[in-house]
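1. Okay, here's the prediction I keep looking at, along with the sequence it came from:
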Amino acid sequence: MEHLILLPIHYHEEYMNETARLINREWQKSMAARLLSLSKSCDEFPTSFVLVNQKTNLVVGHAKVSAVKTIPDAVYIETVVIDRIYRGKGWGSELMKQLHDYLVIKHNAQTAYLSTKGQEKFYMRLGYEQCEPIPIYGGFPLPANQINSNQNDNEIINNNTLIEFKNKLIHNKSNHSVTNNNNINNSNGKVSNNIKSSSPPKGPVPPPMPPPNKIHRGLKILTKTFMKKQLQDEQEDL
């Protein structure tokens, strides 16, 4: 498949519009938002790659890679897509092979992570194995199989952190009160009538917290499989 070449998109901006349309055919999003995401591609991550058919000069695939900040020499691969009319030709495997080679040579990456729903067998053929969820963008990972995703960029929402933050707000609100102390007459021990104590009425008791999977009703709950691959092992086998 010498006619297929994987290119960092920030060096080939002429492919940005075509790439945005390709991704949007798989995961709908506004063109402006998609182009903004692609424009953030850089050498030091995140990096968006395009698979180009050199015979036709057409974009046929895409993948995005980010650094995993909590794991040294680890990367997270997402938004992997091959144009639907070219699927079943092995081009997805070629995209991943070229991507792995680039990550090892350019960044000395040791481990690649990704998450998928329904493509586990494809990635297993490429040497990936199932693993526990990881904190992709910092913070703490969610329990296994409890991942919130917008189906576009596979972003993790940390429910535990959100619940803790909301509980703290409710606790502070319920305990907040203002009381004016009475003036004490030191000479005769009598309370001055000029100042009256006041305390604002307490508000209603806040409702109980909803279950974690109900906090973000706008997000669809998906069961996604996290997978990983040791990239250096692949290079040693070559």
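-> Perfect, thanks for sending it. For clarity, every value in this text was computed on a predicted model and none was experimentally measured.

2. mind listing the helices in the protein by residue range?
-> For the chain, the helices defined by DSSP state H cover 16-26, 31-39, 91-107, 120-125, 159-175, 231-237.

3. Could you pull out the buried residues of the fourth one?
-> Residues of helix 120-125 classed as buried: Tyr123 (neighbour count, 16 or more other CB atoms under 10 Å). Placement of C-beta: from N, CA and C, glycine included.

4. Which strands or helices does it pack on?
-> strand 111-116, strand 225-230 (3 or more CB pairs under 8 Å, 6 or more residues apart in numbering; DSSP states H and E).

5. Least confident of the helices of the chain, on average?
-> Here the helices of the chain differ in mean pLDDT, and the lowest is helix 159-175 at a mean of 50.

6. circling back to that earlier point, export the helices and strands packed on helix 120-125 to JSON lines and tack on distance to Lys97?
-> Output for those, formatted as JSON lines (distance: least, CB to CB, whole Å):
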{"stretch": "strand 111-116", "distance to Lys97": "12"}
{"stretch": "strand 225-230", "distance to Lys97": "12"}
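
7. Flag the shaky bits of the protein, pLDDT-wise.
-> Low-confidence segments of the chain, defined by pLDDT under 70: 138-203, 209-222, 234-238.

8. Endpoints of stretch 105-123, how far apart?
-> Terminal residues of stretch 105-123 are spaced 21 Å apart (CA to CA, to the nearest Å).

9. Make a markdown table out of the helices and strands packed on helix 120-125 and add mean neighbour count.
-> Shown next, in a markdown table, are those (neighbours: other CB atoms under 10 Å):
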| stretch | mean neighbour count |
| --- | --- |
| strand 111-116 | 22 |
| strand 225-230 | 19 |
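
10. Leu6 and Asn57, how far apart?
-> According to CB to CB, to the nearest Å, Leu6 and Asn57 sit 15 Å apart.

11. Name the residue in those two with the higher neighbour count.
-> Leu6 (19 against 10; other CB atoms under 10 Å).

12. contacting residues around the more buried one?
-> Applying CB atoms under 8 Å, 6 or more residues apart in numbering, we find Leu6 in contact with 49-52, 95, 98-99, 102.

13. Can you name the residues bridging to it?
-> The partner list for Leu6 in beta bridges (DSSP bridges) reads Leu51.

14. Equivalent analysis for Glu129, please.
-> Lys228.

15. Would you confirm that it contacts Lys228?
-> Yes: under the criterion of CB atoms under 8 Å, Glu129 makes contact with Lys228 at 6.5 Å.

16. returning to that earlier point: out of the helices and strands packed on helix 120-125, flag the one nearest Met124.
-> Proximity to Met124 (CB to CB) singles out strand 225-230 among those, at 7.8 Å.

17. picking up where we left off before, looking at the contacts of Leu6, state which has the most neighbours.
-> Neighbour tally across the contacts of Leu6 (other CB under 10 Å): the maximum, 30 neighbours, falls on Leu51.

18. Pull the contacting residues for that residue.
-> 4-6, 59-63, 82, 91, 94-95, 98.

19. Buried among those residues? Make that a ChimeraX selection.
-> In ChimeraX, this line selects whichever of the contacts of Leu51 come out buried by 16+ other CB under 10 Å:
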select :4,6,59,60,61,62,63,82,91,94,95,98
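
20. which one of the contacts of Leu51 sits closest to Met16?
-> Of all the contacts of Leu51, Met16 sits closest to Val59, with 9.4 Å by CB to CB.

21. Please tell me how far the closest residue to the closest one other than its chain neighbours sits from Val60.
-> Nearest residue to Val59, sequence neighbours excluded (CB to CB, 6 or more residues apart in numbering): Glu18, at 4.5 Å. Per CB to CB, Glu18 is found 10 Å from Val60.
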